[in-house]
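1. coords please:
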Amino acid sequence: MSARSIPSYSPHGLALLRDPLLNKGTAFTEQERDALGLRGFLPAAVLSMQAQAERVMTNLRCLPGDLEKYVALNSLHDRNEALFFRVVCDHIDEIQPLIYTPTVGLACQRYGLIFQRPRGLFISANDRGRIAEILGKWPYRTKLIVVTDGERILGLGDLGANGMGIPVGKLSLYSACAGIHPELCLPVMLDVGTNNEELLKDPYYIGLRQKRITGAPYDDFVDEFMIAARAAFPGVLIQFEDFANHSAFRLLHKYRDDACVFNDDIQGTAAVALAGLFSALRVNGGKLKDQTLLFLGAGEAATGIADLVVSAMMAEGASEEEALRRNWLVDSRGLVVKNRAGLSGHKLRFAHDAAPIGDFLTAIQTLKPTAIIGVAAVGGAFTPEVLQTMARINERPIVFALSNPTSKAECAAEEAYRHTGGRALFACGSPYDPVALDGKTFVPRQGNNSYIFPGVGLGAIASSSRLVTAEMFMAAAHTLANSVSEADLKQGSLYPSLPRIRDVSAQIAAAVAAVAYQRGLANGPTPNDLVGYVQSQMYDPNY
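-> Just a heads-up that it's a prediction; the model follows:
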C-alpha cells in the first residue's frame, strides 16, 4: 500500500471522468486535459481542489435535511473520491454524522428509494457456486473488506440488502479517519433474503424477495465467500458488520483463529467503551477492577464490552471470578441470572447466582453499579428515575448511552447531565450538541467505533498481520484513552475531538502493529519508527 498509489489502469477521455478514483473534474490542468484526452469534455475554468471543496460545502449547507445531504455526498463519492474525502477530512465534525451515524440509519431504511449507483459487490444466495467468479471480476486491489448480511442494522433490525449503506459508510470512515486508500476497500453485501415483511412488499426494495436462508445453506454460503475472498485477495482483512447475534458470535469464533477477521459490533464497540471507562476513571480516580458495570442489553455489544472489561480487570490484578462478578447484564427478560432457563451461549459467562430482577431500575437499586452502559437500542430506557438513582448511588456516575441511531439512544446528553446535577460522566452513541447547565458547558462526545476500527484496520494492513487479536483491541483502547487531554476531561469529553482522528488512528495503528510484530503475526522486522511507518502508509486526499 502506498500513500500515493493509484489504480493500475489509465483510462482516457470520458472513461476517465467517469472513474471516481481518478476523476478531478474541473481541477484537471490544461496540460492534463491535452494529455488525457479531456479537451472539450470540461468547461474552460480550471478550479483548485480548495475551490471545489468550498463549492461542495456551500451547496451542502443549502439542502433542507440530512437525508438530502447524505444523497448529495454519496453522489460526490461516486464522481470524485479524492474531493469527497478532502471534504470529509476537512469538515469531519459536520460530515461524519451525515455519512455515518445517525443519518446512515435513515439512509438504509430508504436505500431502495435513494439508490443511484451500485458501490461494492452484492452477492446473493442465488450466486452460490459462483462467488469466486464474482470476486474475480472486481477490478481493484483489495486489502480490506467490510461485509454484512443486513440482518441487524444498527438498532433498526433486519434491513436486508438495504444494509449495504453500512459497509459503504464504514469504509468511507476507514479512508477519511485512517487514510486507507479507497482503492483498497471493498464493501460486500451477502444478500440471503430478508424476514422484514415491509421490505418484501416494498416496490423499490433492491434485494432478494424471499425469506432468509438459514442453517447449513447459510453457513455454506458464508464459507464459500470466505474461501473465495481470501483466495482472490491474499492477506485481506475482513470485518464482519451488523450480523444478528445468532450469526455474529458463531462466525467470529469460526474464523478468527485462522483468518484476518474481526467483528466491529463485538470487538470495536468493546474497545471504544473500555477507552471511555479508562477516561472516566481518570476523573474519578478509581481502578477499573473496583467498578461494578450494569449493561442494558445482552447481545453482541454488551457481551463484547464485558469480555474486554473482564480482561482489563484481570490485567489490574483481579481474578477472573472477581472480574466476572463485577459485570451484569439486563436483557428483555430482566437481570441475567444462572437459574433462568434458555440462556444462550454468549450470555452464560455473565449469568450470576442472584435472585431474578425484572426491570432495569430495580437492578440498579439492588446492585448499586458505578457505571450503566446502554447497548440494547431501547430509546429512552435511561429514564429520569434511572439517572437520579445513579446520581444518588455515585458521586460521579458513569452513564454510557451507546445505542444508535439517535431515536434508539437510551437518553439524550441534556437529560444525562440535568438528572444527575451535572455529575454524570457521559458518552453517547450518536452526536449531541454541547449542553449548558448551571453556568457550565459540557461537551459530550460519541463513543463511536470510528475512534477504533479505522486504526485497528490500518495497523493490521500496514503490518500485514495474519490475525486480529483481543490483545490488539486492548492496546487500541489504552491508546485511545491516552489521547484524551486534561482539557477534554474538564469539559466532560471522554474522547478526543474528531478533527484529531487521523492522528489518533495513526497512534492506534502503531499500537496494533506493535502487537502483531511482538506476537510473530507480521511480516519482516519491526520498523524503528512504527508511528512514522504507519503514517507513510496513509492516503492523503489531494490531487
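2. just for the protein, where's the confidence low?
-> 1-9 (pLDDT under 70).
3. Report the central residue of it.
-> Most central in the chain under C-alpha atoms, centre = their mean is residue 449, positioned 4.1 Å from the mean C-alpha point.
4. Go ahead and confirm that residue touches residue 264.
-> Yes: using C-beta atoms under 8 Å, residue 449 makes contact with residue 264 at a distance of 5.6 Å. C-betas here are computed from N, CA, C, even on glycine.
5. how about the helices of the stretch 1-150 of the chain, start to end?
-> 13-17, 30-35, 49-62, 66-79, 81-90, 92-99, 103-109, 111-114, 131-136 (DSSP state H, counting those that start in this stretch).
6. Show me which positions of the fourth one end up buried.
-> By neighbour count, with 16 or more other C-beta atoms under 10 Å as the criterion, the buried positions of helix 66-79 are 67, 69, 70, 71, 72, 73, 74, 76, 77, 78, 79.
7. Just send the residues you listed back as a markdown table, with distance to residue 362 too.
-> Shown next, in a markdown table, are the buried residues of helix 66-79 (distance: C-beta to C-beta, whole Å):
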| residue | distance to residue 362 |
| --- | --- |
| 67 | 40 |
| 69 | 43 |
| 70 | 41 |
| 71 | 45 |
| 72 | 48 |
| 73 | 45 |
| 74 | 45 |
| 76 | 50 |
| 77 | 48 |
| 78 | 51 |
| 79 | 55 |
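8. buried ones in the longest strand belonging to the chain?
-> For the chain, the longest strand by residue count, based on DSSP state E, is strand 185-191. Of the residues in strand 185-191, 185, 186, 187, 188, 189, 190, 191 count as buried by neighbour count, 16+ other C-beta under 10 Å.
9. Show me what it is packed against.
-> strand 121-124, strand 144-148, helix 165-178, helix 215-232 (3 or more C-beta pairs under 8 Å, 6 or more residues apart in numbering; DSSP states H and E).
10. Reformat the ones you listed as CSV; add distance to residue 405.
-> Converted to CSV, the helices and strands packed on strand 185-191 look like this (distance: least, C-beta to C-beta, whole Å):
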stretch, distance to residue 405
strand 121-124, 24
strand 144-148, 16
helix 165-178, 12
helix 215-232, 27
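11. hmm, back to that, which residue packs closest to the residue nearest to the centre of the chain, ignoring adjacent ones?
-> Closest residue to residue 449 apart from its sequence neighbours, by C-beta to C-beta, 6 or more residues apart in numbering: residue 268 at 4.2 Å.
12. Make sure residue 76 is actually in contact with residue 83.
-> Yes: look at residue 76 against residue 83 with C-beta under 8 Å: they come within range, at 6.5 Å.
13. anything in contact with each of those two?
-> Residues touching both residue 76 and residue 83 by C-beta atoms under 8 Å, 6 or more residues apart in numbering: residue 56.
14. quick one on the thing from earlier: quick one, what contacts the residue nearest to the centre of the chain?
-> Residue 449 neighbours (C-beta under 8 Å, 6+ apart): 264, 268, 269, 272.
15. who wins for neighbours among these?
-> residue 272 (29 neighbours; other C-beta atoms under 10 Å).
16. and residue 224, how many neighbours?
-> Residues near residue 224, counting by other C-beta under 10 Å: 17.
17. can you check residue 156 too?
-> Neighbour tally, residue 156, other C-beta under 10 Å: 20.
18. hang on, it in a strand?
-> No: remark: residue 156 does not belong to a strand; assigned using DSSP: H, G, I helix; E, B strand; the rest coil, it is coil.
19. where does it sit relative to residue 229, distance-wise?
-> 26 Å (C-beta to C-beta, to the nearest Å).
20. got it, and residue 336?
-> For residue 336 relative to residue 229 (C-beta to C-beta), the value is 35 Å.
21. what's the answer for residue 31, then?
-> 41 Å.
22. all strands of the protein, in order?
-> 121-124, 144-148, 185-191, 237-240, 261-263, 293-296, 327-331, 334-335, 371-374, 398-401, 425-428, 435-437, 440-442.
23. Quick one: the ones you listed as TSV, columns for distance to residue 212 too.
-> Output for the strands of the chain, formatted as TSV (distance: least, C-beta to C-beta, whole Å):
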stretch	distance to residue 212
strand 121-124	12
strand 144-148	13
strand 185-191	10
strand 237-240	16
strand 261-263	19
strand 293-296	27
strand 327-331	23
strand 334-335	29
strand 371-374	28
strand 398-401	30
strand 425-428	32
strand 435-437	42
strand 440-442	43
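24. Go through the ones you listed and name the closest to residue 105.
-> With C-beta to C-beta as the criterion, residue 105 lies closest to strand 144-148 of the strands of the chain, at 13.6 Å.
25. in the closest one, what counts as buried?
-> 144, 145, 146, 147, 148.
26. Contacts for that strand, please.
-> Outside strand 144-148, the residues within contact range by C-beta under 8 Å, 6+ apart are 163-164, 166-167, 170-171, 174, 180, 184-190, 225, 229, 233, 236-243, 457, 461.
27. if we can go back for a sec, more neighbours, residue 31 and residue 229?
-> Neighbours were counted for residue 31 and for residue 229 using other C-beta under 10 Å; residue 229 has more, 23 against 8.
28. Could you count how many residues lie near the closest residue to residue 433 other than its chain neighbours?
-> Distance criterion C-beta to C-beta, 6+ apart; nearest residue to residue 433, sequence neighbours excluded, is residue 413 at 7.8 Å. Using other C-beta under 10 Å, residue 413 is surrounded by 25 other residues.
29. what's the answer for residue 486, then?
-> Residues contacting residue 486 under the criterion other C-beta under 10 Å number 7.
30. Distance check, it against residue 277.
-> 18 Å.
31. Could you pull up phi and psi at residue 63?
-> Backbone torsions for residue 63, taken as degrees, to the nearest 10, come to phi -80, psi 150.
32. Next up, the contacts around it.
-> Neighbours of residue 63 in contact, by C-beta under 8 Å, 6+ apart: 69, 72.
33. related to what we said a few turns ago, so which of the helices and strands packed on strand 185-191 comes closest to residue 372?
-> Counting by C-beta to C-beta, residue 372 lies closest to helix 165-178 out of these; the figure is 26.5 Å.
34. Going by contacts, tell me the helices and strands next to the closest one.
-> helix 81-90, helix 92-99, helix 103-109, strand 144-148, strand 185-191, helix 453-463, helix 501-518.
35. residues in contact with the first one?
-> It stands for helix 81-90. Contacts of helix 81-90 (C-beta under 8 Å, 6+ apart): 20-21, 23-25, 27, 49, 52-53, 56-57, 73, 76-77, 95-96, 99, 172, 175-176, 182, 502, 539, 541-543.
36. List buried residues within these.
-> By 16+ other C-beta under 10 Å, the contacts of helix 81-90 give 20, 23-25, 27, 49, 52-53, 56, 73, 76-77, 95-96, 99, 172, 175-176, 182, 502, 539, 541 as buried.
37. Could you save the helices and strands packed on helix 165-178 as CSV and add columns showing distance to residue 471?
-> What follows is these, written out as CSV (distance: least, C-beta to C-beta, whole Å):
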stretch, distance to residue 471
helix 81-90, 30
helix 92-99, 28
helix 103-109, 30
strand 144-148, 20
strand 185-191, 25
helix 453-463, 11
helix 501-518, 5
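38. Mean neighbour count, those: which tops it?
-> For the helices and strands packed on helix 165-178, the largest average neighbour count (mean count of other C-beta atoms under 10 Å) is found in helix 453-463, namely a mean of 29.
39. ok, the nearest residue to residue 13 once chain neighbours are set aside - how many residues close by?
-> In this structure, residue 13 finds its nearest non-sequential neighbour in residue 37, 4.0 Å apart by C-beta to C-beta, 6+ apart. Residues within reach of residue 37, counting by other C-beta under 10 Å, total 16.
40. Residue 37 is in contact with residue 16, isn't it?
-> Yes: the pair residue 37 and residue 16 qualifies as a contact (C-beta under 8 Å) at a distance of 7.5 Å.
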